[in-house]
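Asker: Predicted model and sequence follow; I will ask about them next.
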Amino acid sequence: MPRRTDVIYRYDGSFEGLLCCVYRSYYERELPAGIESAGAEQMQLYAAIDVETDIAHSARVARAIREKISPQAYGLVRRAYFTCLEEREMHILRFLRLGFAKGGAVMQMTADARVNIIYRAVRNLALEKDHMSGFLRFSDYGGILFAQIEPKNDLLPLMAAHLRSRFGGEKYVVYDRAHGRALVHGDGTDALIELDGFEPPPADGAERHIRGLWRRFYDTVAVEGRENPRCRMSHMPKRFWKNMTEFQNEKDSPERTALASDTVLQLLQLGEPKL
Amino acid sequence: MDLMEKLTVLTDAAKYDVACTSSGVDRGGGGGLGSASRMGICHSFAADGRCISLLKVLQSNACAFDCAYCVNRRSSDVRRASFTPRELADLTIEFYRRNYIEGLFLSSAVVRDADYTCEQMLETLHILRTEYGFRGYIHAKAIPGADRRLLARIGLLADRMSVNIELPSQESLRLLAPDKSRESILTPMGFVKDKIQESCTDVVRYRGAPAFAPAGQSTQMIIGATGESDLQILKLTAALYKKYNLKRVFFSAYIPMVSGSNLPAPGTPPPLLREHRLYQADWLLRFYRFEASELLDERQPFFDPLLDPKCSWALRHLESFPVEVNRADYETLLRVPGIGVRGARRIVAARKSCRLDLDSLKKLGVTVKRARYFILCSGKYYGGNLVHDAILEGLLSGNALKKYREERSGQMTIDDIMREEKQACLVGQM
């Protein structure tokens, strides 16, 4: 049994960094009181130890998960890392410790609290990703598409493939306001950039015309006599609405269009590979 | 007429078509615009709670037919409009680029004749697929009576095709849709089915063979405009699945918009609860391995308004319960109220590593509130008394229970209950 300690691990926030925390937990035979990423708010109660990210260590842990537990377990943990589960790092550590003890069977132990909480978090992530694939709304700024999202989970890295396959021929920027990042797709390449406090510029006349058409379609397609607000809300939770075209009213917004597409173009250039 | 007006008229005319699903085909991007995902994607939900996945419009609503139940019938006093193929293709692309939609649902009133209508639709699809390289989802209606060669070409461009069966019996068709006949509907349905099968074997035989409606065929019928029983409708549904390999049968509660001597009066509330029960039963046919004859019979040709069809069935077969969740096979678990397809799968997987109790069932996503009357966990029963009336009271929600008790004490008839339930359903209380 690992020794319970009252230190917390502080890592660089990357998945590899998290695996290095797992490495240290095994190497030192200890269970930390918490794991936090360097940027996050700090728990004052405990002393923090900085865990260096060492690719050799993280690769060893990754291989061990695949071989001693299962490749599926690795996939599960990888996705759990992107969830908004509170103290997700500690839950992942507990899951992996159980997994190294039980082997591949851990994946079927869905009634065990340590396993169940991971599955639930990953299901929640998958659900939000499905929601977002539908509810995300692009606007056209001079030929470049721009969307703003505010998901609970860290969805951008997981959505990149779907967006690329669907809109691969387009240039687009998806700004995750909640996590302060943007996915930038230029000429066939994807990049994740840090971006904070960005305000989407107003749209031009042509874009607003299309938005108007969409709102008209949305309002018309509902069958009167069958209104069902609760059903709509349960399928499409309200937190998504504010970034969706069909719920935006922009009669009075000013037109400053030439500037607007420049702003978005600049974002796109941020994602281009540096020479 | 400008585009905004056309869109309004032609959406309004198409909205009573139920199917909006974009499921059944997986297609990665191919450089051009668009992809399709097997599960389908809902892009929005309208105020009536229905999923919006496709741009659902008519090519035109200037109909040559005069079907009594239809708002677009020749003698109806509605505004008429038509999209040009180019307009509609461009609109689809603009909506698709902004991720508003998963693709296009294209139907049409019969303009001039069936062939001309098909040609217009074909032209729209052709611009989308060939000129714009569009790889998103397309659902196209087969227009009854059109030339087979036209239908065949539409099938090669669309992912799904559908022919509306419209009404559940030949008698009702004769009464309400004099321009349509059972044959004129079933012939294209059979044709589409044959083409799909043919193309499946072709695709296996040689690579690159074009796929015909790879996401299959669906249909819909109107419920409550005519007098068929739930049993008749469900039998027809089961037969359609078997004979025509349909992917989905949709039901549409009739909303009286027009008056006619053969129709319910305008203002009659649409039978939404009945539609809901039929969908629940449809689910049981497709995913829970039930037969139509198990759910209804001649003595009981309508569904219980108070209980869903699965609970109803279980209550009539208490001799098969309770079942031990740690041992019962998958098929048996599927028939337990409160256990769904996912729940049953998870139970089968989870019980390999530990014994399941009530608490772990909750974690696996089983609705224990319902299931507990029908299961044992390691030999223990949590449902109180395994008696019909006790379980029934436990299964009913607060409101329904009150009504059930009132009915038993003779204050209300079953008709009163149905009416109230319908109203409750209408204002979204259920």
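Answerer: Received the coordinates, thanks.

Asker: Give me the neighbour count for residue 119.
Answerer: Assuming you mean chain A. 20 (other C-beta atoms under 10 Å in any protein chain shown). Any C-beta I mention is one placed from the backbone N, CA and C, and that applies to glycine too.

Asker: Please refer instead to chain B.
Answerer: Neighbour number of B:Glu119 under other C-beta under 10 Å is 17.

Asker: next one: phi and psi at it?
Answerer: The phi and psi torsions at B:Glu119 (degrees, to the nearest 10) take the values phi -60, psi -40.

Asker: Quick one, grab the pLDDT at it.
Answerer: Note on B:Glu119: pLDDT of 96.

Asker: Contact partners for it?
Answerer: By C-beta atoms under 8 Å, 6 or more residues apart in numbering or on different chains, B:Glu119 lies in contact with B:Leu150.

Asker: what do you get for B:Val341?
Answerer: Contacts for B:Val341 (C-beta under 8 Å, 6+ apart) come out as B:287-288, B:334.

Asker: Contacting chain A as well, which ones from these?
Answerer: Among those, not one lies near chain A by C-beta under 8 Å from any C-beta of the partner chain.

Asker: Need phi/psi at the residue in chain A that chain B sits nearest to.
Answerer: Across chain A, the shortest distance to chain B (C-beta to the nearest C-beta) belongs to A:Cys231, at 2.9 Å. When read as degrees, to the nearest 10, the backbone of A:Cys231 gives phi -60, psi -40.

Asker: what's the spacing between it and B:Pro301?
Answerer: Taking C-beta to C-beta, to the nearest Å as the measure, A:Cys231 falls 28 Å from B:Pro301.

Asker: ok so, going back, hang on, the residue of chain A closest to chain B packs against B:Gly49?
Answerer: Yes. The criterion here is C-beta atoms under 8 Å, and A:Cys231 meets it with B:Gly49 at 2.9 Å.

Asker: Let me see the ranges of the strands in the chain.
Answerer: If you meant another chain, say so; for now it's chain A. In chain A, the strands defined using DSSP state E lie at A:3-4, A:7-11, A:30-31, A:34-37, A:47-50, A:139-141, A:144-149, A:171-176, A:181-185, A:190-194.

Asker: meant chain B actually
Answerer: For chain B, the strands identified by DSSP E occupy B:44-45, B:51-52, B:54-58, B:103-107, B:137-141, B:160-162, B:217-223, B:248-253, B:323-324, B:375-377, B:380-381, in order along the chain.

Asker: and the gap between the residue of chain A closest to chain B and A:Ala33?
Answerer: 44 Å.

Asker: A:Ala191 too?
Answerer: Taking C-beta to C-beta, one finds A:Ala191 at 36 Å from A:Ala33.

Asker: Which residues of the stretch 201-350 of chain B lie near chain A?
Answerer: B:253, B:255, B:269-270, B:272, B:346, B:349-350.

Asker: Among those, which one sits closest to B:Phe374?
Answerer: B:Arg346 (17.2 Å; C-beta to C-beta).

Asker: Residue of chain B nearest chain A, please.
Answerer: Closest point on chain B to chain A, by C-beta to the nearest C-beta, is B:Gly49, at 2.9 Å.

Asker: quick revisit: of the residues of the stretch 201-350 of chain B next to chain A, just say which sits nearest to A:Lys242.
Answerer: B:Leu272 (30.2 Å).

Asker: Neighbours of that closest one, how many?
Answerer: Per other C-beta under 10 Å, the neighbour tally for B:Leu272 reads 22.

Asker: Tell me who's in contact with B:Leu240.
Answerer: With C-beta under 8 Å, 6+ apart, B:Leu240 has these contacts: B:165, B:219, B:246, B:249.

Asker: Please report how far it lies from B:Lys193.
Answerer: For B:Leu240 relative to B:Lys193 (C-beta to C-beta), the value is 10 Å.

Asker: do B:Ser172 as well
Answerer: 23 Å.

Asker: Repeat that for B:Leu306.
Answerer: Distance, B:Leu306 to B:Lys193, using C-beta to C-beta: 38 Å.

Asker: between the two, which one's more packed in?
Answerer: B:Leu306 (22 against 18).

Asker: pretty sure that one is touching B:Leu396, no?
Answerer: Yes. Contact criterion C-beta under 8 Å: B:Leu306 and B:Leu396 qualify, at 6.1 Å.

Asker: And B:Leu88, what's its pLDDT?
Answerer: For B:Leu88, the predicted pLDDT is 97.

Asker: And stretch A:39-58, end to end?
Answerer: With C-alpha to C-alpha, to the nearest Å as the measure, the ends of stretch A:39-58 fall 20 Å from one another.

Asker: Give me the residues contacting that stretch.
Answerer: Counting by C-beta under 8 Å, 6+ apart, A:6-17, A:19-21, A:23-24, A:32-34, A:36, A:38 sit against stretch A:39-58.

Asker: Report the buried members of the residues you listed.
Answerer: Among the contacts of stretch A:39-58, those buried by neighbour count (16 or more other C-beta atoms under 10 Å in any protein chain shown) are A:8-11, A:15-17, A:19-21, A:23-24, A:32-34, A:36.

Asker: Nearest to B:Ser261 among those residues?
Answerer: Closest to B:Ser261, out of all of the buried ones among the contacts of stretch A:39-58 and judged by C-beta to C-beta, is A:Phe15, at 69.9 Å.

Asker: if I pick that closest one, what's in contact with it?
Answerer: Contacts for A:Phe15 were tallied using C-beta under 8 Å, 6+ apart; they are A:58, A:78, A:81.

Asker: Format those residues as CSV; extra columns: neighbour count and pLDDT.
Answerer: What follows is those, written out as CSV (neighbours: other C-beta atoms under 10 Å in any protein chain shown; pLDDT from 0 to 100):
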residue, neighbour count, pLDDT
A:Ser58, 20, 96
A:Arg78, 15, 96
A:Tyr81, 19, 97
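
Asker: re the thing from before, make TSV out of the contacts of B:Leu240 and add distance to A:Phe100, neighbour count and pLDDT.
Answerer: Output for the contacts of B:Leu240, formatted as TSV (distance: C-beta to C-beta, whole Å; neighbours: other C-beta atoms under 10 Å in any protein chain shown; pLDDT from 0 to 100):
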residue	distance to A:Phe100	neighbour count	pLDDT
B:Ile165	58	24	87
B:Thr219	53	21	93
B:Leu246	49	22	92
B:Val249	50	25	93
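
Asker: and the two most separated of these?
Answerer: Spanning the widest gap among these are B:Ile165 and B:Leu246, at 9.7 Å by C-beta to C-beta.

Asker: Could you tell me which residues touch both of those two?
Answerer: Common neighbours of B:Ile165 and B:Leu246 (C-beta under 8 Å, 6+ apart) are B:219, B:240.

Asker: how many neighbours does the closest residue in space to B:Leu128 that isn't next to it in sequence have?
Answerer: Spatially, and ignoring its direct neighbours in sequence, B:Leu128 is nearest to B:Phe134 (4.3 Å; C-beta to C-beta, 6 or more residues apart in numbering or on different chains). B:Phe134 is flanked by 22 other residues according to other C-beta under 10 Å.

Asker: Please verify my assumption that B:Phe134 contacts B:Ile93.
Answerer: Yes. Using C-beta under 8 Å, B:Phe134 makes contact with B:Ile93 at a distance of 6.8 Å.

Asker: Against A:Leu195, how distant is the closest residue to A:Gln148 other than its chain neighbours?
Answerer: Excluding the flanking residues, the one nearest A:Gln148 by C-beta to C-beta, 6+ apart is A:Tyr175, at 4.9 Å. Going from A:Tyr175 to A:Leu195 by C-beta to C-beta gives 6 Å.
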